[in-house]
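[1] What shape does this take:
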Amino acid sequence: MRTEVLDLPPELPGLRRTLTVQRFGEPGARPLAYVQASLHADEIPGMMAVVHLRELLLRMERDGRINGEIILVPVANPLGLQQRVLGGHIGRFDLADGLNFNRGFPALGEAVAERVGARLGEDADANVQAIRAAALEAAEGLAAVTPAEHLKKALLRLALPADLVLDLHCDSEALVHLYTLTPLSDLGAELGAELGAGALLLADVSGDDPFDEAVTRPWVEVAARFPEHPVPLACFSCTVEFRGTQDVADSTGAADAAAIVRFLQRRGVLAGDPGPLPASLCEATELAASEPLSAPVAGIVAFRRDLGARVGAGETVAEVIDPYSGARTAVTATQGGLLFARTSARFAMPGQRLGKVAGTVPVQRGSKLLSP
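    Next up, the predicted model:
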């Protein structure tokens, strides 16, 4: 393992922040896999998975079983890791401006297309190399002023050359579930089967420019702009939600790491037999068909259905109870589907997100399909 410590520009004189990068395998070997944890810095299950993944990779490296190269970023957000308010960890949003750390990544597709157009030809492999080079050039040219902008630029520069990109997160309370682009559904299904995912959510554009789309959408956009040239979708990127915030244990971390190893073996990054692919626990569904359930009023939250439950159209998933009168307001699903995520909060304000149901009929028709 080779460790790099990248300095991030300081926000204040005398303040040093760094990004630690751990590399396995021969530099420049293919396939290249990139794995980062806790871009939302208060989501710890991914960090635990990386702790166990690193141990597995160290053993495999000693045994000469790494065919490609693997980049690990165990803590992808040192800015959010240090944010505390009255003892509470705030790692999802930047306290400097309230922005979500996994939103607003630069959309590089147009810049990559402008740089690469004249370099494309009839050789698909040469086109892949040209697009990767153009993507790195575009990332290098990004303007960055705030600490979060510098962090995003650094993460993109690490991930853009990769063949496989896994961004490890978690929800409040949830089943394992995945987000990826619709054209990448086959690999998403393979990864989901290995991880035992309860939901696989697909979108062409999810809105708000999360990290995983920032590294894959340039390939889709270049291919669409230059249909006369062979342009493979040469980067698979996926957001992996490892259950809920409290699901941090060596047992789950070890199982998640072993599943990632098997996925990387199937993709040729690691040597060894991963065994038969487990049966998938879910069918892919459109992200637009993921129904957000919100509290219509303030009050105590009492869930009537457990995680993993199949709910029917019109069925009550939770009740919001007025603590003064005892009046109960039902929160219902408009269509049938799987309750794959819910909040850990047990008192809600009006409009607060309470849960998510993976359905089959699009219910979100706006341009932003992800949670804030």
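
[2] Look at the most centrally placed residue in the chain and tell me its secondary structure.
    Centroid-nearest residue in the chain: Thr239, 2.1 Å away (criterion: CA atoms, centre = their mean). Three-state call for Thr239 (DSSP: H, G, I helix; E, B strand; the rest coil): strand.

[3] so what's it bridging to?
    Under the criterion DSSP bridges, Thr239 forms beta bridges with Asp167, Tyr179.

[4] now the one 5 residues further on
    For Gly244, the residues forming beta bridges with it (DSSP bridges) are Asp171.

[5] Next, count neighbours for Leu270.
    Per other CB atoms under 10 Å, the neighbour tally for Leu270 reads 26. Where you see a C-beta, it was placed from the backbone N, CA and C, and this is true even at glycine.

[6] And for Ser367?
    By other CB under 10 Å, the residues close to Ser367 number 9.

[7] Would you mind measuring from the nearest residue to it once chain neighbours are set aside to Val301?
    Of all residues not flanking Ser367 in the chain, Gly207 sits nearest, at 4.9 Å (CB to CB, 6 or more residues apart in numbering). Using CB to CB, to the nearest Å, Gly207 is found at 27 Å from Val301.

[8] Ok, Arg16 next?
    Distance, Arg16 to Val301, using CB to CB: 42 Å.

[9] and these two? which has more neighbours close in?
    Legend: neighbour count by other CB under 10 Å for Arg16 and Val301, higher for Val301 (20 against 8).

[10] bridging residues for the more buried one?
    Using DSSP bridges, the bridge partners assigned to Val301 are Val320.

[11] Could you verify my assumption that it touches Ala295?
    Yes: with contact defined as CB atoms under 8 Å, Val301 counts as touching Ala295 (7.1 Å).

[12] what touches both of the two?
    Shared contacts of Val301 and Ala295, defined by CB atoms under 8 Å, 6 or more residues apart in numbering, comprise Val320, Ala348, Leu354.

[13] Ile44: which of the residues you listed is nearest?
    Checking those against Ile44 by CB to CB gives Leu354 as the nearest, at 22.4 Å.

[14] per-residue confidence for the closest one?
    pLDDT, the model's per-residue confidence, is 98 for Leu354.

[15] quick one, phi/psi of it?
    Per-residue torsions, Leu354: phi -110, psi -30 (degrees, to the nearest 10).

[16] what's the neighbour count on it?
    Counted with other CB under 10 Å, the neighbours of Leu354 add up to 21.

[17] try Ala295
    21.

[18] gap between it and Lys368?
    Taking CB to CB, one finds Ala295 at 20 Å from Lys368.

[19] And Pro183, by the same measure?
    Distance of Pro183 to Lys368, computed by CB to CB: 20 Å.

[20] who has more neighbours, the two?
    Set Pro183 next to Lys368 and count neighbours by other CB under 10 Å: Pro183 wins out with 16 against 12.

[21] pLDDT wise, what is the more buried one at?
    pLDDT, Pro183: 97.

[22] Wait, a strand at it?
    No: applying three-state DSSP, one finds Pro183 to be helix, outside a strand.

[23] wait, doesn't it sit right on Pro232?
    No: Pro183 sits out of contact with Pro232 when judged by CB under 8 Å, with a separation of 10.7 Å.

[24] quick one, what contacts the residue nearest to the centre of the chain?
    Taking CB under 8 Å, 6+ apart, we find Thr239 in contact with Asp167, His169, Leu178, Tyr179, Thr180, Pro210, Phe211, Asp212.

[25] Can you report phi and psi for Met60?
    Dihedral angles (degrees, to the nearest 10) for Met60: phi -70, psi -30.
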